[in-house]
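Peer 1: show me how the following folds:
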Amino acid sequence: MHAYKVLRDGRSEFTGWRWPLPHAGQSGEWVQVSGPIALCVNGIHASTPEQLPHWLGMELWEIELAGNILEDEAALVASQARLLRKLDAWDEPMRERFAEMCYQRARGLAEDYPHGAGLVTKVEHTLSWAGAAPAGYFTAMLAGERDSGGRAGADYDAAFLRERARQAQWLREHLNLSG
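Peer 2: From the prediction side, this is the model:
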């Protein structure tokens, strides 16, 4: 199964583990975990395009998952994986474009929701450092809050996830993601 992995300088931002990177047109070496896999406990975590907005970072890699694979709402977790290729299109200018898209979207969401100005300011702040992940998160928070009047409950969750789906569609289109 092909999916996507977010790294920084070839390392996991959560564990610091350095991945064996692909070279000379070949895939990276297979990595395997021992023991039962579980979300946020054990296993190799990756994302579908729909899950990707929740995990954005500095580098984006296509990864092949194998062995036992757990498909959770939040992420994919596998017992085996290898990196296939780095998505060079996810560079600083593309991260800036994503953050700018989120900023414009947040401004539009806040037009008829005056309590959203603080979140728009947070999204705007991310533009100075191409903060794609927080820009997406704050924009989704604003969508949820605007539709529900708060930051909890079914209406908030539904609007938050709709906004994340919009972001995933943007990533699919601009990075030619498949899967």
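
Peer 1: by residue count, which strand of the protein is the longest?
Peer 2: Longest strand in the chain by number of residues (criterion: DSSP state E): strand 59-71.

Peer 1: and that one, what does it pack onto?
Peer 2: Strand 59-71 is packed against strand 2-7, strand 44-46, strand 76-86, with contacts defined by 3 or more Cβ pairs under 8 Å, 6 or more residues apart in numbering; DSSP states H and E. Every C-beta, even on glycine, is put in place using the N, C-alpha and C of the backbone.

Peer 1: show me what whichever helix or strand comes after the first one packs onto, helices and strands only.
Peer 2: Sequence-wise, the next helix or strand beyond strand 2-7 is strand 31-32, with elements assigned using DSSP states H and E. Under the contact definition 3+ Cβ pairs under 8 Å, 6+ apart, strand 31-32 sits against strand 76-86.

Peer 1: what's the single longest helix in this structure?
Peer 2: Ordering each helix of the chain by length in residues (DSSP state H) puts helix 154-175 first.

Peer 1: got a list of contacts for that helix?
Peer 2: Residues outside helix 154-175 that contact it (Cβ atoms under 8 Å, 6 or more residues apart in numbering): 49-54, 60, 87, 89-90, 94, 97-98, 101-102, 105, 136, 139-148, 150, 177.

Peer 1: how does it look with 7 Å?
Peer 2: Residues from elsewhere that reach helix 154-175 (Cβ atoms under 7 Å, 6 or more residues apart in numbering): 49-50, 52-54, 87, 89-90, 94, 98, 101, 136, 139-141, 143-145, 147-148, 150, 177.

Peer 1: what subset of these is buried?
Peer 2: 49-50, 52-54, 87, 90, 94, 98, 101, 136, 139-141, 143-145, 147-148, 177 (16 or more other Cβ atoms under 10 Å).

Peer 1: what mean pLDDT does stretch 136-146 have?
Peer 2: For stretch 136-146, the mean pLDDT works out to 95.

Peer 1: show me what counts as buried in the worst-scoring helix or strand of the chain on mean pLDDT.
Peer 2: In the chain, no helix or strand scores lower on mean pLDDT, DSSP states H and E than helix 117-126, which sits at a mean of 85. If you call a residue buried by 16+ other Cβ under 10 Å, then helix 117-126 has these buried ones: 119, 120, 122, 123, 124, 126.
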